[in-house]
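In: need the 3D shape of this:
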Amino acid sequence: MESVAVNLPIILLFLFGMGLLIVEAFMPGFGLPGITGSILEIAAIVLTYIHHGGYAALGVTVCILAIMGLVVSLVLRSASKGKLSKSPMIHNESEDASALDNSEDLKVFIGKQGITTTVLRPTGMAEIEGMRLNVEAEGEFIPKDTPVQVHRVDGRNLIVKTLRGE
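Out: Model (predicted):
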């Protein structure tokens, strides 16, 4: 019964610490779960060393490192092939315009006409000369499917105006 009283706190520290480290790996944030989990893991190693000696503490350390290696590989795999990689925040909606990376390239669109493919509030997408481009309305709300003309380039933004009866 004495071994249960000695080992139970070590096991609980190990499991709670590992759980907090896994939470930190999958939920980025302030770092509090990661710091707390690390402290709990170190406490588990120290208690193991005190009650069972250096070899047992080394074994616990190796287990912690192996599990953390597995968690890191799962996080990296999830980031590249899981839900995170399919997030619209990760992929550029306008892959057509990926080659247009500076304002000099965008100046060729000045005076060109197109049609909005999304609502401009004031930014959105428009198809101009067969390319879907990020555009910005000049201070106005422009509904979807509205004819527009590129008025000017401001940095990396195409500024458009609606074509009214032209």
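In: pretty sure residue 30 is in a strand, no?
Out: No: secondary structure of residue 30 (DSSP: H, G, I helix; E, B strand; the rest coil): coil, not part of a strand.
In: that one and residue 11, how far apart?
Out: Residue 30 is 27 Å from residue 11, where distance means CB to CB, to the nearest Å. From N, CA and C alone the C-beta is placed, and that goes for glycine too.
In: have a look at those two and say which one is more surrounded.
Out: Neighbours were counted for residue 30 and for residue 11 using other CB atoms under 10 Å; residue 11 has more, 12 against 8.
In: please identify which helix or strand holds that one.
Out: For residue 11, the enclosing helix or strand under DSSP states H and E is helix 2-26.
In: list the buried residues of that helix.
Out: For helix 2-26, burial by neighbour count (16 or more other CB atoms under 10 Å) applies to 10, 13, 14, 16, 17, 18, 20, 21, 22, 24, 25.
In: contacting residues for residue 57?
Out: When contacts are counted by CB atoms under 8 Å, 6 or more residues apart in numbering, residue 57 touches 45, 46, 48, 49.
In: name the nearest residue to it, sequence neighbours excluded.
Out: Leaving aside its sequence neighbours, residue 57 sits nearest to residue 49 (CB to CB, 6 or more residues apart in numbering; 3.7 Å).
In: quick check: which ranges of this structure have low pLDDT?
Out: Judged by pLDDT under 70, the chain has its weakly predicted residues at 1-2, 28, 82-104, 165-166.
In: quickly list the domain ranges of it.
Out: Per the record, the chain has its domains at 2-86, 95-162, by automatic domain parsing.
In: of those, which stretch is the most buried?
Out: domain 95-162 (a mean of 16; mean count of other CB atoms under 10 Å).
In: strands of the chain, start to end?
Out: 113-116, 123-128, 131-137, 147-154, 157-162 (DSSP state E).
In: residue 69: which of the ones you listed is closest?
Out: strand 131-137 (40.5 Å; CB to CB).
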